[in-house]
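Asker: Pasting the sequence and the predicted model now:
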Amino acid sequence: MVDNPNPEDRLHLRTLPGKDSKVRGKFCNGTPVRILEQQREWNHVLVGTELTGRMMTRYLAVGEAGDSVICAWLSLVSSDPSKPVPVYAEPNKKTLPQETLKDEYGGWEVIGVYGNDWYLVLLDSGYAGRQWGRENCAPGEEG
């Protein structure tokens, strides 16, 4: 489980161990991750069903320690509920969406962000463009 001492901050998922490695996304506190390979400073992790990378070990709560993590997910509300939101496997619009979301339940859980243009939504950790919606609450707030 992502466990950042500052719940408003996001934990980087990187392609390789090291702070200079490319960022695949920044994840909110409470995001579940599966540790594929445990190492001293950087763990190889899986987010959702397909998104893998490296996260700093000191910002992950393992086992029962994850029960005390304060979740800081955001809620994404559609800017136009009449239009479905395309969700992509990777943060680009050059591929076909892997699925579309309809705003039937008043929004979706956002577990992280990628750059300035993409939300990572809690499904199979797909990417939805930020132009499709707005955040419903600030990190750490209930909503």
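Answerer: Right, received. Where do you want to start? Numbers count the residues shown, from 1 in each chain.
Asker: and the end-to-end length of stretch 45-62?
Answerer: 12 Å (Cα to Cα, to the nearest Å).
Asker: Would you mind listing the buried residues in it?
Answerer: Val45, Val47, Gly48, Leu51, Gly53, Arg54, Met55, Tyr59, Leu60, Ala61 (16 or more other Cβ atoms under 10 Å). Every C-beta, even on glycine, is put in place using the N, C-alpha and C of the backbone.
Asker: what residues does it touch?
Answerer: With contacts defined as Cβ atoms under 8 Å, 6 or more residues apart in numbering, stretch 45-62 is touched by 1-4, 11-18, 21, 24-25, 27, 31-36, 38-44, 68-69, 89, 111-112, 120, 122-126.
Asker: and which of the buried residues of stretch 45-62 is nearest to Thr100?
Answerer: Nearest to Thr100 among these: Gly48, at 17.1 Å, using Cβ to Cβ.
Asker: Is it correct that Asp67 falls within a strand?
Answerer: No - under the criterion used here (DSSP: H, G, I helix; E, B strand; the rest coil), Asp67 is helix, not part of a strand.
Asker: and the gap between it and Met1?
Answerer: Distance, Asp67 to Met1, by Cβ to Cβ, to the nearest Å: 9 Å.
Asker: what does Met56 give?
Answerer: For Met56, the distance to Met1 - Cβ to Cβ - is 14 Å.
Asker: still on that earlier bit, just want to know which of Asp67 and Met1 has more residues nearby.
Answerer: Between Asp67 and Met1, counting by other Cβ atoms under 10 Å, Met1 is the more crowded of the two (18 against 8).
Asker: quick one: contacts for that one?
Answerer: Counted by Cβ under 8 Å, 6+ apart, Met1 has contacts Gly30, Thr31, Pro32, Val33, Leu60, Ala61, Val62, Ala65, Gly66, Val69.
Asker: Which among these count as buried?
Answerer: Gly30, Thr31, Val33, Leu60, Ala61, Val69.
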